[in-house]
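K.L.:
Got a sequence here, can you build the structure:
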Amino acid sequence: MSDWLEHSVQVEVDVPIELAWGLWSDLEQMPRWMKWIESVKVLPDKPDLSRWKLATGGLEFSWLSRIVNIQTHQLIQWESVDGLPNRGAIRFYDRGPSGSIVKLSVAYRVPGILKLMDDLFLGRVVESTIEADLERFRTYALADKANRTATSAGTTDN
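P.N.:
Numbering: from 1, shown residues only. Prediction:
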């Protein structure tokens, strides 16, 4: 029996796929919309590696993550190489003029300190959190789109 839990959540965002991709591919910005992620630092000498720190409810976890597959405007896939065991992918689907669909799939090994919790309860907590994260991403992306539109409109008025 594996101690891994998996979740997939998606959101439709009324922004071009290039913008959705650009925001997600800037890993260090993720704490802006991901509630439990305290920090992400891309290693300057190895841009495919990043150090993550998760903090919630007095618990802290960290890990080093490696991007294992990247397809521009389509997919960013990762796996941890030390620390909290996890892996996943963020997928992007172009909806043409109506925007993009962003789908986050995450799998993680339940940390020993949390094994006393019921997996179903833990899974619901994590899934509701990543659903809220994607809703925050939608809000963040729409605000970014509005800022870009306002900025480009301001530059054409000059």
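K.L.:
Out of the helices and strands in this protein, which is least certain?
P.N.:
With mean pLDDT, DSSP states H and E as the measure, the helix or strand of the chain carrying the lowest mean pLDDT is helix 119-156 (a mean of 85).
K.L.:
That helix packs against which elements?
P.N.:
When contacts are defined as 3 or more CB pairs under 8 Å, 6 or more residues apart in numbering; DSSP states H and E, helix 119-156 sits against strand 4-13, helix 17-25, strand 100-109. All C-beta spots, glycine's among them, are computed from the backbone N, C-alpha and C.
K.L.:
can you put the ones you listed in TSV and add mean pLDDT, distance to residue 63 and mean neighbour count?
P.N.:
Rendered in TSV, the data for the helices and strands packed on helix 119-156 read as follows (pLDDT from 0 to 100; distance: least, CB to CB, whole Å; neighbours: other CB atoms under 10 Å):
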stretch	mean pLDDT	distance to residue 63	mean neighbour count
strand 4-13	92	14	17
helix 17-25	95	18	19
strand 100-109	94	9	18
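K.L.:
Same list, those, but as TSV with distance to residue 45 please.
P.N.:
TSV is the format used below for those (distance: least, CB to CB, whole Å):
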stretch	distance to residue 45
strand 4-13	31
helix 17-25	19
strand 100-109	27
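K.L.:
and residue 84, which of those is closest to it?
P.N.:
The stretch from the helices and strands packed on helix 119-156 with the least distance to residue 84 (CB to CB) is strand 100-109; that distance is 6.7 Å.
K.L.:
who touches that closest one?
P.N.:
Strand 100-109 has contacts (CB atoms under 8 Å, 6 or more residues apart in numbering) with 2-13, 15-17, 19-20, 24, 84-95, 126, 130, 133-134, 137.
K.L.:
now stretch 27-42
P.N.:
Outside stretch 27-42, the residues within contact range by CB under 8 Å, 6+ apart are 23-24, 49-56, 60, 129, 132-133, 136-137, 139-140.
K.L.:
sorry, back to before: which one, of the helices and strands packed on helix 119-156, ends up nearest to residue 153?
P.N.:
Closest approach to residue 153 among the helices and strands packed on helix 119-156 is made by helix 17-25 (16.3 Å; CB to CB).
K.L.:
How far off centre is the least confident helix or strand of the chain?
P.N.:
Averaging C-alpha positions (CA atoms, centre = their mean, to the nearest Å) puts helix 119-156 10 Å from its chain's average.
K.L.:
quick one: that helix to strand 4-13, angle?
P.N.:
Here helix 119-156 runs at 30 degrees with respect to strand 4-13, directions being taken by axes from the mean of the first three to the mean of the last three CA atoms, to 10 degrees.
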